[in-house]
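> sequence unavailable; structure follows:
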């Protein structure tokens with residue numbers, strides 16, 4: 001893992017709806033920042049060329065793959081903020097289940 005490649009500062013955002021231990025839902029008005037980490041962004045690897053051409057409906061979506069050091073507690077209900085852009089998390093892979101690197105596939109949300 002080359003730390004010099006992790007040159008983008010991103011924030012994980014927590015959903016405004018959260019279940020409590022007793023099963024109730026707490027609702028706040030805004031997504032809250034959980035943690036900031038350094039990441040690497042690869043906008044092209046989110047789709048293989050076969051998937052890109054097979055699914056014309058996703059061609060106008062801005063998909064990106066973020067790679068970060070392993071961060072406990074990150075899940076698909078969160079979002080990623082990079083500068084003033086927000087990304088919905090589609091999937092998270094703990095590479096080789098080694099708790100060293102997370103590979104996060106995202107889709108940018110348009111405002």
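Done, it's in. The shown structure was predicted, so the numbers you read here are calculated from the model rather than taken from an experiment.
> surely residue 94 and residue 102 touch.
Yes - applying C-beta atoms under 8 Å, one finds residue 94 in contact with residue 102, separated by 6.1 Å. Glycine gets a C-beta too; all of them are placed from N, C-alpha and C.
> higher neighbour count, those two?
Counted by other C-beta atoms under 10 Å, residue 94 and residue 102 do not tie: residue 102 has more neighbours, with 19 against 13.
> check which helix or strand that one maps to.
Per DSSP states H and E, residue 102 falls inside strand 101-108.
> circling back to that earlier point, quickly list what's touching both of residue 94 and residue 102.
Common contact partners of residue 94 and residue 102 (C-beta atoms under 8 Å, 6 or more residues apart in numbering): residue 70.
> what's in contact with the strand holding residue 102?
If you take C-beta under 8 Å, 6+ apart as the criterion, strand 101-108 is touched by 1, 46, 61-71, 74, 80, 85-95.
> name whatever forms a beta bridge with the residue nearest to the spatial centre of the chain.
Most central in the chain under C-alpha atoms, centre = their mean is residue 89, positioned 4.1 Å from the mean C-alpha point. Beta-bridge partners recorded for residue 89 (DSSP bridges): residue 106.
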